[in-house]
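Asks: Sequence and predicted structure below; questions after.
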Amino acid sequence: MRPEELRSHRWYGTGSLRSFSHRARTRQLGLSAEEHLGKPVIGILNTWSELNPCHMHLRDRAGDVRRGVWQAGGYPVELPVMAVGETFQKPTAMLYRNLLAMETEEVLRSYPVDAAVLMGGCDKTTPALVMGAISADIPAIFVPCGPMLPGDWRGRRLGSGSDMWKYWEDKRAGLVTGEEMDEIEEGIARSPGHCMTMGTASTMTSVAEVLGLTLPGAASIPAVLSAHNRMAAASGRLAVGLAWNGVRPSQLLDGRAYQDALTTVLALGGSTNAVVHLIAMARRSGVELTVDDFDAVSRRVPVLADVRPGGVHLMEDFHRAGGLPALLHRIPDLLHLDRPTVNGRGIATREPYDDAVIRRRDDPLSAEGGLAVLRGNLAPDGAVIKHVAADPGLLTHTGPAVVFEDHRDLLRRIDEVPATAGSVLVLRGSGPRGGPGMPEHGMLPIPESLLKQGVRDMVRISDARMSGTSYGACVLHVAPESHVGGPLALVRDGDLITLDVPARRLTLDVPEEELARRRREWEPPAPRQARGYGALYDAHVLQADQGCDFDFLRGASGVPEPEVD
């Protein structure tokens, strides 16, 4: 591509009044003509924030990206975008995934950007940034923020999220003291970076890598390693090449790419949240991915990553074992390794260094993928369970329902309800519209009296999500959600519910005539959000089985380039 063919040339290179103004304002920034004219403009979209501890090092990493852009002859500009973070943002960061996706799309479209470096990693930032870049269809490379160091407490390695749930349950059961919990609080998250388990963050950055949007091996590099600085600088250099070559997401992300991403998630034993995010991402690319695709692939893909919560190791171990390229090396027959990527080559693989962390095909962590999609009269449009992280004895189970109307009701009554180990805990009012935003409430707490009896897992059903670091026999994403009149809204205390994961069934064992009567009596709840972005979300968000994107954002962009003159 010649300099006058760059997208930014329309801002800087014409003889119009507006072009004069753009050049003058760049002089105002302290830049001379030699520093930027005729060079690709590389937008560095940074989700750094002082309230996103996963990204607290991205301010510095943006400097590394900038260094790489200058080295390759480009002109870097840092463009802050919304810091979506699950650790502090309420009611859930998922409520704002689509907002960050919209912001990413509009920032890339409205500014003189020839290529973008997308910087993120905390759960929702990866799909949001990628969704926006897909819709803007401007050359882009993703820089994962990287996992944090393993936690540490009295010589024990802790996994963020997973061990938080474990020790909190132990505290409620009287097995851990308040003083010990204070010590765990100091050591469970002790460096920059996202969760170091195979939670949503690690799952989705691995998705970005297998889609071909990162440098090989980038997804697992711990945030504090010098290799992470080098990866960021190399990504900046590559972004300049992407700008000159005009390689756009639409040229990389076809049906094969999303099938490979789906296969990878299952081989990783990845987060249930990947189902929602991948469907949304694929549909932005014009690829019709469904929940049934996940289940079909799950039946033939083994889980090979022995990483918590499904396994025992952590992401630093996974990185030392060879990272994602090593996992992909185990399953070449299940992938399309010759697909193009941002670095102009096929998908990178390498021999694993540790068979205990990245298992061999003849010694899998699980013979089937870690996710299963359930259907039945309680979930006509599907529900999801991460059965590899559940008590095997609960995967075929019938029990009486104990129903909670919403999360507040759950927290208020959970230790008072007359539940037994065989009960089925049901939470409604927590879906995309009811939550709002489909919060991570799906790992319902076990009643304290049962914890003290040694119960550590129960069947739990909701229209919510759960953290990718969570575990247990938790049925999630029930669709349609209760807030819009899905069958979950009709469940009553004492109703028998049958979970049959091998048969992929979830059924409410109530006669149809009784359900019809309850349906006639059901009244729609009031909208949860009445103004601003919340009202927009409530009016346009799709259900979980459709990716929770907005109905007006599906499909190829179709938005014309802005007029510049």
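Replies: Everything's here; your move. Because the structure is predicted, anything quoted here is derived from the model rather than measured.

Asks: use CA for all of it now, contacts and neighbours both
Replies: Noted.

Asks: what ranges do the strands span in this structure?
Replies: 41-46, 75-80, 115-120, 140-144, 151-153, 156-158, 372-376, 379-385, 396-404, 424-427, 459-462, 474-476, 496-500, 505-508 (DSSP state E).

Asks: what's the most buried one of those?
Replies: strand 140-144 (a mean of 32; mean count of other C-alpha atoms under 10 Å).

Asks: Can you name every helix or strand that that one contacts?
Replies: Under the contact criterion of 3 or more C-alpha pairs under 8 Å, 6 or more residues apart in numbering; DSSP states H and E, strand 140-144 touches strand 115-120, helix 125-136, helix 226-245.

Asks: between those, which gets nearest to Lys90?
Replies: Of all the helices and strands packed on strand 140-144, it is helix 125-136 that lies closest to Lys90, at 15.2 Å by C-alpha to C-alpha.

Asks: Give the ranges of residues in this structure that sit below the confidence cut-off.
Replies: Along the chain, the model assigns pLDDT under 70 to residues 556-558.

Asks: Could you tell me the phi and psi values at the spatially most distant residue from the centre of the chain?
Replies: Centroid-distance maximum for the chain: Gly15 at 44.9 Å, with C-alpha atoms, centre = their mean. When read as degrees, to the nearest 10, the backbone of Gly15 gives phi -90, psi 20.

Asks: ok, it to Arg23 distance?
Replies: As judged by C-alpha to C-alpha, to the nearest Å, Gly15 and Arg23 stand 11 Å apart.

Asks: Equivalent analysis for Leu314, please.
Replies: Using C-alpha to C-alpha, Leu314 is found at 49 Å from Arg23.

Asks: can you check His55 too?
Replies: 33 Å.

Asks: the more surrounded of the two?
Replies: Comparing His55 with Arg23 by neighbour count (other C-alpha atoms under 10 Å), the higher total belongs to His55, at 28 against 19.

Asks: who touches the residue lying closest to the more buried one once chain neighbours are set aside in this structure?
Replies: Once flanking residues are discounted, His55 sits nearest to Trp48: 5.3 Å by C-alpha to C-alpha, 6 or more residues apart in numbering. For Trp48, the contact set (C-alpha atoms under 8 Å, 6 or more residues apart in numbering) comprises His55, Met56, His57, Leu58, Arg59, Pro80, Ala83.

Asks: what's the burial count for the fifth one?
Replies: Look at Arg59: counted by other C-alpha under 10 Å, it has 16 neighbours.

Asks: Over to Pro527?
Replies: By other C-alpha under 10 Å, the residues close to Pro527 number 14.

Asks: got it, and Arg528?
Replies: 14.

Asks: Could you give the backbone dihedrals for it?
Replies: phi -80, psi -20.

Asks: Is it in contact with Pro432, as I believe?
Replies: No: contact criterion C-alpha atoms under 8 Å: Arg528 and Pro432 do not qualify, at 10.6 Å.

Asks: Just give the nearest non-adjacent residue to Asn377, would you?
Replies: Of all residues beyond its chain neighbours, the one nearest Asn377 is Thr507 (5.3 Å), with distances taken as C-alpha to C-alpha, 6+ apart.

Asks: how close does that neighbour get to Glu514?
Replies: Shown here: Thr507 relative to Glu514, a distance of 14 Å by C-alpha to C-alpha.

Asks: list the contacts for Ala274?
Replies: Thr200, Thr203, Met204, Val265.

Asks: with those residues in mind, which one is nearest to Ala305?
Replies: Among these, Val265 lies closest to Ala305 (C-alpha to C-alpha), at 10.0 Å.

Asks: you'd agree the closest one is up against Thr205?
Replies: No: applying C-alpha under 8 Å, one finds Val265 not in contact with Thr205, separated by 10.5 Å.

Asks: if we can go back for a sec, distance to Thr420 added to the contacts of Trp48, as JSON lines?
Replies: Output for the contacts of Trp48, formatted as JSON lines (distance: C-alpha to C-alpha, whole Å):
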{"residue": "His55", "distance to Thr420": "42"}
{"residue": "Met56", "distance to Thr420": "43"}
{"residue": "His57", "distance to Thr420": "46"}
{"residue": "Leu58", "distance to Thr420": "47"}
{"residue": "Arg59", "distance to Thr420": "50"}
{"residue": "Pro80", "distance to Thr420": "50"}
{"residue": "Ala83", "distance to Thr420": "42"}
